[in-house]
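[1] From the sequence below, what's the structure:
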Amino acid sequence: MNSKTLAKKFNLSKEALERISQCVKKVESKTSGEVVVAVSAESNDYSFWELFAAVIVSLAAAICMLPFSERIRAFYESLNWTAPEWYLPAIFVFASFFLILVLFALFNLIPALDRMVIPRAFKNKAVSDRAMRAFCELGVCSTRDRTGILIFVSYLERQARILADEGIAKKIGPDLWRLIVNALSEEIAKNNAETAFCDAVEKCGELLAQYFPADKDDNPDELDDGVVILER
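    The predicted model follows:
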């Protein structure tokens with residue numbers, strides 16, 4: 001999924017992305033902290049679980065076909081003068097293999113199906129791991145005063161994370177971030193991604209301004225203010 005498609009999935013126009021960027025700039029002018037907003041189409045390729053689910057469904061379909069073996073045999077024999085003994089097992093094998101390929105493709109193309117077959121615990125870990133990787137890749141962990149915050153949302157899993165660097169974590173507990181994440185997720189679920197991101201940025205900014213006010217003489221903008229659309 002390319003960046004334009006992902007932005008459309010979140011219903012974020014160019015103007016909306018620019019307004020979020022301006023919101024980040026405004027917030028950072030009041031604090032020495034940094035806020036980064038990042039989104040990803042998915043946090044893992046989930047190929048194992050997609051293939052596993054396709055195989056299980058195909059085996060179940062093959063088992064359901066077994067009671068109809070005689071009807072399948074009769075139908076095939078009505079079309080052919082001779083029917084080799086191996087044809088019936090071959091039909092089952094071919095049907096199962098074809099169904100596996102079709103289901104695997106569908107799981108790749110339709111996020112709703114992916115969400116149904118991937119275990120929740122695995123999705124939770126994948127999103128947390130991807131958020132942590134983005135935290136490092138985007139330099140949020142490398143600000144001068146260790147006061148960076150990452151607001152991360154992964155589309156396929158319908159999950160969000162907020163990661164704060166150690167300078168912030170010493171003064172602000174995880175419960176406050178959890179409240180912001182919950183509000184962020186609820187607004188995105190209502191198809192209000194722009195409002196959701198701006199509200200989350202402003203709430204994070206209020207906390208940062210309280211504990212890490214801006215230095216009027218030295219307050220550099222260290223990180224990107226725009227919404228970062230991540231590759232997997």
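[2] Mind jotting down where the helices sit in this structure?
    Secondary structure of the chain (DSSP state H): helices at 3-9, 14-28, 47-65, 69-79, 87-109, 111-117, 120-137, 166-169, 174-189, 193-211.
[3] what does the shortest one contact?
    Residues from elsewhere that reach helix 166-169, judged by C-beta atoms under 8 Å, 6 or more residues apart in numbering: 33, 145-149, 208, 211-212. Just so you know, the C-beta spots here come from the backbone N, C-alpha and C atoms, and that holds for glycine as well.
[4] Go again with 6 Å.
    145-147 (C-beta atoms under 6 Å, 6 or more residues apart in numbering).
[5] Now it: buried residues?
    167-168 (16 or more other C-beta atoms under 10 Å).
[6] sorry, back to before: with pLDDT and neighbour count as added columns, please give the contacts of helix 166-169 in CSV.
    Listed next are the contacts of helix 166-169 as CSV, based on pLDDT from 0 to 100; neighbours: other C-beta atoms under 10 Å:
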residue, pLDDT, neighbour count
145, 85, 14
146, 91, 16
147, 89, 22
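[7] Distance of residue 127 relative to residue 87?
    Separation of residue 127 from residue 87 (C-beta to C-beta, to the nearest Å) stands at 48 Å.
[8] Sorry, wrong one. I was asking about residue 138.
    In terms of C-beta to C-beta, residue 138 sits 58 Å off from residue 87.
[9] of these two, who's got more company?
    residue 138 (20 against 14; other C-beta atoms under 10 Å).
[10] Find the residue closest to the more buried one in space, skipping its chain neighbours.
    Counting by C-beta to C-beta, 6 or more residues apart in numbering, residue 138 lies nearest to residue 36, which is 5.5 Å off, once chain neighbours are set aside.
[11] State the pLDDT value of residue 52.
    Residue 52 is assigned a predicted lDDT (pLDDT) of 87.
[12] how close does it get to residue 119?
    10 Å.
[13] most packed of the helices of the chain?
    Most buried of the helices of the chain, by mean neighbour count (mean count of other C-beta atoms under 10 Å): helix 193-211, with a mean of 20.
[14] Could you list every helix and strand in contact with it?
    Helix 193-211 sits against helix 14-28, strand 34-40, helix 174-189, with contacts defined as 3 or more C-beta pairs under 6 Å, 6 or more residues apart in numbering; DSSP states H and E.
[15] The first one: how far from the chain's middle?
    Once both centres are worked out by C-alpha atoms, centre = their mean, to the nearest Å, helix 14-28 turns out to sit 22 Å from its chain's centre.
[16] What count of nearby residues applies to the closest residue to residue 213 other than its chain neighbours?
    What sits nearest to residue 213 in space, not counting adjacent residues and going by C-beta to C-beta, 6+ apart, is residue 31, at 6.3 Å. Number of residues near residue 31 (other C-beta under 10 Å) recorded here: 23.
[17] Tell me who's in contact with residue 31.
    Residue 31 touches 208-209, 212, 214, counting by C-beta under 6 Å, 6+ apart.
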